[in-house]
Structures are given as structure tokens and as C-alpha cells.
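Asks: Got a predicted model here, sequence first, then my questions.
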Number of protein chains: 4
Amino acid sequence: MAEPIGARQAAMERNRAALLSAASAVFLEQGVQAPIRDIARRADVGVGTVYRHFPTRAELVTAVYRHQLDECAALAPTLLEEPVAPTEALARWIDAFVEFLVTKHGLGVALQSEDPSLLSLHTLMLDTLVPACTSLLDAGVAAGEIDPGVTAHTLMRAVGNLCILGPSYRRAEAQDMVARLLIGCRARVDDRTDAPLSRQGAPQDA
Amino acid sequence: MAEPIGARQAAMERNRAALLSAASAVFLEQGVQAPIRDIARRADVGVGTVYRHFPTRAELVTAVYRHQLDECAALAPTLLEEPVAPTEALARWIDAFVEFLVTKHGLGVALQSEDPSLLSLHTLMLDTLVPACTSLLDAGVAAGEIDPGVTAHTLMRAVGNLCILGPSYRRAEAQDMVARLLIGCRARVDDRTDAPLSRQGAPQDA
Amino acid sequence: MAEPIGARQAAMERNRAALLSAASAVFLEQGVQAPIRDIARRADVGVGTVYRHFPTRAELVTAVYRHQLDECAALAPTLLEEPVAPTEALARWIDAFVEFLVTKHGLGVALQSEDPSLLSLHTLMLDTLVPACTSLLDAGVAAGEIDPGVTAHTLMRAVGNLCILGPSYRRAEAQDMVARLLIGCRARVDDRTDAPLSRQGAPQDA
Amino acid sequence: MAEPIGARQAAMERNRAALLSAASAVFLEQGVQAPIRDIARRADVGVGTVYRHFPTRAELVTAVYRHQLDECAALAPTLLEEPVAPTEALARWIDAFVEFLVTKHGLGVALQSEDPSLLSLHTLMLDTLVPACTSLLDAGVAAGEIDPGVTAHTLMRAVGNLCILGPSYRRAEAQDMVARLLIGCRARVDDRTDAPLSRQGAPQDA
DNA sequence: TATGAATGAGGGTTCATTCAT
DNA sequence: GATGAATGAACCCTCATTCAT
């Protein structure tokens, strides 16, 4: 009698995995607002099963991206141990973050939505990634390469927004803009001197 | 005979203005996808009146923002004539653009949406503002203060994205991020040297 | 002061004529259920003017076809005076009626509809044409060429129905079916003997 | 385990049947263009249920009449095997067809409509009944009792039209007109000689 | 547990009809 | 009279969500 229970649990787990996979694919195609029924159909389960595993859309969205978020977060300590400058480590981490965002069509939208059903995703993302990003920013600040005025939360939100793609704003443009934003994070932001390119980044000269 | 007609036209114009005002308010609260009925109710008219004045949602959205877009575009030549550095002129113009964007909650969303009903807004915005932004960028490039690799379209799209606000990412954060992005537009983007703050912006030294 | 009044009346008459013309064209294209606004636009008047001249759709429909109905009715006495057999006179009159019906796309539909808004058209049509048709039928009956059991009302209704065209049932098919119906009106209808073609129409032989 | 599923299926089947019944009744009262909502209310279900069972109006209309169409079609071979003259067999079959049509108020209208949503019904009806009708016509032609110029399609269309009833054109009138049309199908149609009743059907005498 | 049928609120759109000018 | 803007009822259709089996 133990076996059937185990089998049932296994079946449940399989359903859950199928749902995550299906949701990931559907989100990619239609965005995170895709009809629940489409996800259920893709996973070959009934809609009730979706609701049982993920009572709210937010929980499903959250679950879909949790694994990748964890991986992204785990990248930070690795980078910090490598023999590169803190700015370079930060840049590489942001690269990974951007890669994650632009690959997950619709996630950028999800992040900027005030839809309460997506609030938990928002929270998860920040809870997971902010510490990672903070550790990299702190290293940069300590090395005098990053303006202490930049917070991980704001930076990530900004990068998230910059990764909302469109018809004439694709991955390459987003990557370029993110890179420029990072450059801007090195300097103090109130620096608007009309210095030529050779001096732009040297406000401390004043 | 002229008076009555004038009165009719005036009433219609008032209605149209009320609709634009109502739509603006509703877009602010609910985004540009708000139900047409809500806008009609807010303007205290029947839904048919909305459809009469603005047969499609795109036309309404477009009309709501057209005036402000025109004002924003008109600012560019004014700034170029002032005795400030091109970078400063660009910064001020972007300030105005940001002000416009963060005041119009939902416009950022509208800009990034691929929804065909918003395509005309997209087009209008780019047609109106890209030339203005380009003139400022060109002046900056001519002065050696802006990287020629930055296009007006991409920059505006990025700024538009950065102005999509959220619960913990308000106007101040957006403004800061935009300022840093502009700083990053001064340098060539492949600059990722681990230079200290004093040299960050001087890749040409190499 | 008499002139302006005359002018106004003339203008009204012109409007009325324009409306009839426009309605006729629109009914032909879209059927008698076409939007009132389409008719107003075609006539280049406001919708209010349509309602002033023709308070109900039925009155408009009726007016549109009245003239042609009158012409059709007037044909009957003319035909009766010609030196042809009564059956032939009837056939020619029905020809004219069919011509009228198939030319007025949508009229067949109008005739069969129980829509109360079209009741008056129904009434008009019968009031106008039934006497004409009756006179021809009576002549046929008197000559022993038409079954007395056939009433004008029923026959006209049937012919009207047979003239409701469709994608694969065009004018030629309708004309053929009407011709066969008329043939059937010569005989007593309970004639279902299995007589060969040579005897089919001669039940009185029995 | 089989029982519950069976119960579910049974409930669904009952729902479907209720919908067909409700639709049949509503079509009878309001025609096949009746609001979906009315049908849902009549069946005591939500509109969604209607759409689930019959995604398009055409499918609902089609389903409502399919069974009766099949019965009607199946009658043809039966009649052909009976020891009656082909003309009589045809007449009996047309009787059944007329019975079907006049019982289903609104079906006649449906048949003549060019509304694309009713195209499938049109197609179904012709696909189902034309072969049946053709077999009877062919037998009649072979026996020299039916003019070869009559096609099943045209005849059925004509009979369908003749069965569009109205306030003063009821079932009896329609039946009479159909009977006369059938008589007319025995003769060659170009027969318009002014022959007396005793010779009307014998054009071949000429 | 899983299922998916049923529900019904919600949002889009059309058009007959009224009425102030 | 003529106008046509405004109204709002009425339809269409889509899905999020529930719940009996």
C-alpha cells in the first residue's frame, strides 16, 4: 500500500514538472498573461490540475522562474572569487541576468506590471537576486569603481526594464543600453560637466 | 445661423476634451488597456460617444498624448540655441521626456507593447520625438561628447523603458538611472577596462 | 414670402426623392435591413431627415417599392385587352412580377419576413397586386385554363418566395420554377395519377 | 471508475440535448439568428456552455437539423422500393420534406440566407438531401414522368422557398403550391401553349 | 487527485432612436 | 425642417474560476 502512495506522489510530481515546462513555453509565446487553459492543454492536464498545483497565476510564474533565478544568484559568489576586477565581475553577472531576461519573453513585462497577481514574482526576484547583486556592487564600491549611490534593487529594476524588447528594440540594443548604464554607475550621477570624452569620468578632479 | 452651429461645435469640442481628459486619467490609473466603458463613464458619456470621436483605441491613446509629444519635440531646437554644452542640452531634453513619461503612467507600458492597437502610438511617438532627439545627439557627437554609436531611437526606447515605474521603483530612481545611462552614452560602449573612477571614461587613452 | 415656402417644400421633396433613391440602392446592396445611417449617408442627409420622412423602416421600404408595384398592377388590364389567351396573359404578368422581384434584391426576404416592421410592405404589395392578379386568374378560370382553386394571394406569395435567390439558385432557376408552378396551376391539384407525360394534365379524362 | 465517467458523459449529453431542444424552440420562435443568450437561457445554462458545445452558430444550427435531415434522406430508397409510380414516390418524398420544412420555422429562411454563418447548414442540407432527391427524380425521368430538365438542387431550393410561411400563407397553401410545382415538373417547361386543361400537359402532341 | 464542463462577469462593438440647436 | 451627436440597449465572445464526479 506504500507503493500506490508513492506512485501517486510521483505522478503529482510529474504533473508539476509538466506544468512548469508547459508554462515556460507558453509564457515565451504569449507572455505571462496567457490563458490558463492554454497552459493546461500544453501540459496535457485539466485546468483543475493547474489550480491545484498553482492556486494563483503568480505562483506559477514564480515557480517557472525560480530555478533560473537561483542559478543566476549562485553565479555571484563564483564571480567574486575569480581574479577579475569587481567592475568586470559585475558586468559578467549582469550579462547573465540580461541573458535570462531577454530569453524569457514576457518576464520583463511581468516585472514592471503592478498587477497584484505578479507581486510575488517581483518579490521573489528581488529576494533572490538583490543579495547577489549587492555583493558585487559592494566589491565595486570598495574598489572605488562603483558609485556607492547605486543600489542593487534599483539597478536590477532598471536592467529589467531595459530588457523589455520590442519590434525595433531587440537583444543587441538592450545589451548596449545595459552596458552604458553600467558605465554610468561608475561615476557620481550628479556629474553633468561638459567635459570632453577624455575627462567625463573624472569628476573627482574638480 | 452661425451661432447655433458654433454652439454645436463647441459642445462637441467640449465633449472631445472631456473624453481626452477622462482617458488620460483612466490611463493613469489602469493603463492604456482600460475598458472603453470606464473611460465613457469617467467622461460621463455613452460608449457610443467614445467610438464616434475615437473609432479605435489607438486613436484615443494617440490623441491623449499628441499634444505633449509635440511640446516635447518643440523643446529640442530651443535647447540647441541656448548657450550650454550639447551634453547639457541633451540632458535637459531627456529630463523633459522623462517628466512626460513618468507623469503619464502607462505610457511606458504602451510603448513596449507589441499590441497592434498601440502601434500608431508607437509610430507617432517615434516620428515626433526621434528627429528632436537626433538633433541633440548629433550636436553632442559633433562636440565629441557623445558616442556616435548611440541612436535616438534606441536611446528613447531605453529611456522609455527606464521610466516604467513600479511599487519600489519610483520617479527618483528612474531619473537616476536615466542620468547614468546618459553618462554611459558619452563613452564608447566596449569600454570595460577595470580603470579606477578617474579613468573610466577615457578609453581613447589606450 | 410665398416663394421661400415653396422653396422649402421643393427642398423637402428633393430630400424625399433622394432618400428613396438612396434606399433603393442600399436595399439592393445590403437588403432591407441595412442600417438607417447607411441610407442617410447615401442620400447625403442626416439620419433625422430619414426619420422625419419615414418614421418607420416599413414606411421607407414601402415607399421605395410603391411606384414599381403600381406599374406592375397597371399592366394587368393592358394584358387582358390584348388578343392572347388568358394563360398567356397571366404568364406575361407573372414574368413582369418576377422581373420586379429578382431585380429588387432583398424584397423577397422582406416579403417572407414576419418582422412587424415590414408588415405594411406586405399589406401594400398584396393590396396593390392581388386585384391585378385576380383579374388575370379569373379570366383564366373563365376560359377553363386555370384551376379555380388557385387564389391570387397564394400564388403571388408563392412566386415571391420562388424569387428569393441564393448563391446557386439564380434568376434562371427561379424563372424556370415559376413557369412550372404556373403549369401546375392549370390542373386540379389533387391530380397525382401516375399518368405518363402525355396525359398528366388531363385528370378530367378519368 | 467507469460509472462516474459515464455519469459525466451522460450529464454532458443531456446538456447537449437540452441545448439542441432549446435551440430548436428558439429558432422556431425567433429564427436561426436568435441571440445565443436566449438559447442559453432557454436551456438553463450559461452562454459559455453553448459555445463549448457549439463553437459557432452554424454548428448549432447544423446539429439541430442534422437528425431530421438524415431521416428525410433515408426515406428515398424506401420509397423507391415500394410498388408505386416514380412520380408518386417523388411526391411522397417531397411531402416529407415539406413536413420537415414547415415544422422547422426559420429553416426556410436559413436556407435562402447568404449569411456565411449558415453556409454549413446549406451545404449539409444539400449534401444530405440532393442525392436522395436525385434518385427519385432519375426514376421519374426514366419512367418518362419527369422532365429531365429538373435538377434536384433547384427543385429542393424551390420547395424550400415555397415552405417559407407567413401570416396569410400557411402550411396548407404551401403544400398546395408545392404540389402544383411538382405537376409542372412533369412537363417540359417551355410549354406555354394556350391549350385547354385537357391538353395542357401534352406539348409533345405538337 | 485529476478532470473538464459549467458558469457568468467582463469587455468590445454596432446601430436604432432621440433631441437640442 | 434638417442635422448629426449622444445615448445605451443588445449582441458577440473570451476566459478565470469553481465543483461534482
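Replies: Arrived safely.

Asks: Which residue would be the closest one in chain A to DNA strand E?
Replies: Using C-beta to the nearest atom of the strand, the closest approach of chain A to DNA strand E is made by A:Gly48 at 2.0 Å. To be clear about C-beta, it is placed using only N, CA and C from the backbone, and glycine gets the same treatment.

Asks: what about that residue, how many neighbours?
Replies: 9 (other C-beta atoms under 10 Å in any protein chain shown).

Asks: what's next to stretch A:45-61, contact-wise?
Replies: A:12, A:15-16, A:18-20, A:23, A:27, A:32, A:36-37, A:39-40, A:43, A:63, A:110, A:117-121 (C-beta atoms under 8 Å, 6 or more residues apart in numbering or on different chains).

Asks: Can you give the distance from stretch A:38-52 to the centre of its chain?
Replies: Counting by C-alpha atoms, centre = their mean, to the nearest Å, stretch A:38-52 is centred 26 Å from the centre of its parent chain.

Asks: same question, stretch A:59-67
Replies: Using C-alpha atoms, centre = their mean, the offset of stretch A:59-67 from its chain centre is 12 Å.

Asks: got the CA coordinates for it in PDB?
Replies: C-alpha atoms of stretch A:59-67 as PDB (Å, rounded to 0.1, in the frame of the first residue of the first chain):
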ATOM      1  CA  GLU A  59       2.700  31.200  -8.000                       C
ATOM      2  CA  LEU A  60       3.000  29.600 -11.400                       C
ATOM      3  CA  VAL A  61       5.000  32.400 -12.800                       C
ATOM      4  CA  THR A  62       7.200  32.400  -9.800                       C
ATOM      5  CA  ALA A  63       7.800  28.700  -9.900                       C
ATOM      6  CA  VAL A  64       8.600  28.800 -13.500                       C
ATOM      7  CA  TYR A  65      11.500  31.200 -13.000                       C
ATOM      8  CA  ARG A  66      12.600  30.200  -9.500                       C
ATOM      9  CA  HIS A  67      15.200  27.700 -10.700                       C
END
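
Asks: Briefly note if that stretch comes near DNA strand E.
Replies: No. Using C-beta under 7 Å from any atom of the strand, stretch A:59-67 stays clear of DNA strand E, coming no nearer than 13.9 Å.

Asks: Does that stretch reach DNA strand F?
Replies: No. Stretch A:59-67 lies apart from DNA strand F when judged by C-beta under 7 Å from any atom of the strand; the minimum separation is 10.1 Å.

Asks: for that stretch, which positions count as buried?
Replies: A:Leu60, A:Val61, A:Thr62, A:Ala63, A:Val64, A:Tyr65 (16 or more other C-beta atoms under 10 Å in any protein chain shown).

Asks: helix or strand for the fifth one, which one?
Replies: Assigned by DSSP states H and E, A:Val64 belongs to helix A:57-81.

Asks: mean confidence for that helix?
Replies: Here helix A:57-81 scores 89 as its mean pLDDT.

Asks: re the thing from before, tell me which helix or strand the residue of chain A closest to DNA strand E sits in.
Replies: Using DSSP H and E, A:Gly48 falls in helix A:47-53.

Asks: in that helix, what counts as buried?
Replies: Quick answer for helix A:47-53 (16+ other C-beta under 10 Å): A:Thr49, A:Val50, A:His53.
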